[in-house]
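*Asks:* Requesting a structural model of the entry that follows:
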Amino acid sequence: MKISLRSAIVTLLLAFAGGIAGVWLGSQLIAQKPAGGGSLHDLVHQQLSLTPQQDDKLHVIEETFAARREMLEGEMRKANAELADAIRGSETAGPEVEAAVHHFHDAMGRLQSETIEHVFAMRSVLTPEQRQRFDDKIAQALTTDTE
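*Replies:* Predicted coordinates:
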């Protein structure tokens, strides 16, 4: 079955939008400063009065996630390059385009899943009181409109 160039472009735009959503989720949960001020990292390390043991555990969790995130973001860039090559070399959204789109979606989905796992791993180190503040920051990051 042949797919039109228009369908290929729509697929590309959807893949790109999905990628942006995945990167946004990761940035909102981990590094950026959502409305209301302060990043999640700042909250955890500067406002939750961590014990030295908690700080050590969180440091290991964060290092592990940073390495995985870097690898998966590289995989997403590789998939985007494959998609660009496939579009350049195709008249229709054929198997090469579809394979590149699936590659990108797979990497993006793994990044989103690992970001959520990372949040729960960090959460498991916190006391109930710390966890409540952490959860509030997560909820704020996920529900704040970006403009």
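*Asks:* distance of residue 60 from residue 122?
*Replies:* 11 Å (C-beta to C-beta, to the nearest Å). All C-beta spots, glycine's among them, are computed from the backbone N, C-alpha and C.
*Asks:* Could you check which of the two has the larger neighbour count?
*Replies:* residue 122 (23 against 11; other C-beta atoms under 10 Å).
*Asks:* Quick check: the gap between the more buried one and residue 61.
*Replies:* Residue 122 sits at a distance of 6 Å from residue 61 (criterion: C-beta to C-beta).
*Asks:* Now do the longest helix along the chain, average pLDDT.
*Replies:* Taking DSSP state H as the criterion, the chain has its longest helix at helix 52-88. On average, the pLDDT along helix 52-88 is 92.
*Asks:* what residue ranges in this protein are flagged as low confidence?
*Replies:* 1-39, 145-147 (pLDDT under 70).
*Asks:* What segments of the chain are helices?
*Replies:* 5-30, 40-42, 52-88, 95-125, 128-143.
*Asks:* tell me the angle the third one makes with helix 95-125.
*Replies:* Interaxial angle, helix 52-88 versus helix 95-125 (axes from the mean of the first three to the mean of the last three C-alpha atoms, to 10 degrees): 170 degrees.
*Asks:* For helix 52-88, which helices and strands make contact with it?
*Replies:* helix 5-30, helix 95-125 (3 or more C-beta pairs under 8 Å, 6 or more residues apart in numbering; DSSP states H and E).
*Asks:* What of the second one?
*Replies:* Secondary-structure packing of helix 40-42 (3+ C-beta pairs under 8 Å, 6+ apart): helix 5-30, helix 128-143.
*Asks:* buried residues in that helix?
*Replies:* For helix 40-42, the buried set under the neighbour-count rule, 16 or more other C-beta atoms under 10 Å, comprises 40-41.
*Asks:* got it, and stretch 48-65?
*Replies:* For stretch 48-65, using 16+ other C-beta under 10 Å, the buried residues are 48, 50, 54, 57-58, 61-62, 65.
*Asks:* Now do the same contact list for residue 57.
*Replies:* Residue 57 makes contact with residue 125, according to C-beta atoms under 8 Å, 6 or more residues apart in numbering.
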